[in-house]
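In: Pasting a predicted model and its sequence here:
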Amino acid sequence: MPNEAYYLDITLLGKEYRVACPPEEQPALLAAVAYVDEKMHDIAEKTKSNISERIAVMAALNIAQDRKRTRLNSSH
């Protein structure tokens, strides 16, 4: 069924989330979850922060900066 919803339970920084994800995209999503979770744990450890929202924002900014840097380096 094309409109059937598929869900995947994930964990980021010890918190569980249920996200919609088609089965064929689950491996890529799980790899992304592992990457983001690792970044979040690194930030939590370095900053000694336990505020999930702050850690998530910092992880998002770090990932975005890494992506921008990679794109910039690959264009030269």
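Out: That came through, no problem.

In: Is Glu4 in a helix, a strand, or coil?
Out: coil (DSSP: H, G, I helix; E, B strand; the rest coil).

In: got a list of what it touches?
Out: Applying CB atoms under 8 Å, 6 or more residues apart in numbering to Glu4 gives no contacts. Yep, even glycine has a C-beta here, placed from its N, CA and C like the rest.

In: now Arg69
Out: Not one residue lies near Arg69 by CB under 8 Å, 6+ apart.

In: what's the helix or strand for it?
Out: Assigned by DSSP states H and E, Arg69 belongs to helix 52-74.

In: Could you confirm Val19 falls within a strand?
Out: Yes - looking at Val19 with three-state DSSP, it is inside a strand.

In: Show me which residues of the helix or strand of the chain with the lowest mean pLDDT are buried.
Out: Lowest on mean pLDDT, DSSP states H and E among the helices and strands of the chain sits helix 52-74, with a mean of 94. In terms of neighbour count (16 or more other CB atoms under 10 Å), helix 52-74 has its buried residues at 55-56, 58-59.

In: Next: stretch 38-53.
Out: 39-40, 43-44.

In: How far off centre is it?
Out: 13 Å (CA atoms, centre = their mean, to the nearest Å).

In: could you give me the average pLDDT of stretch 31-41?
Out: Averaging pLDDT along stretch 31-41 gives 97.
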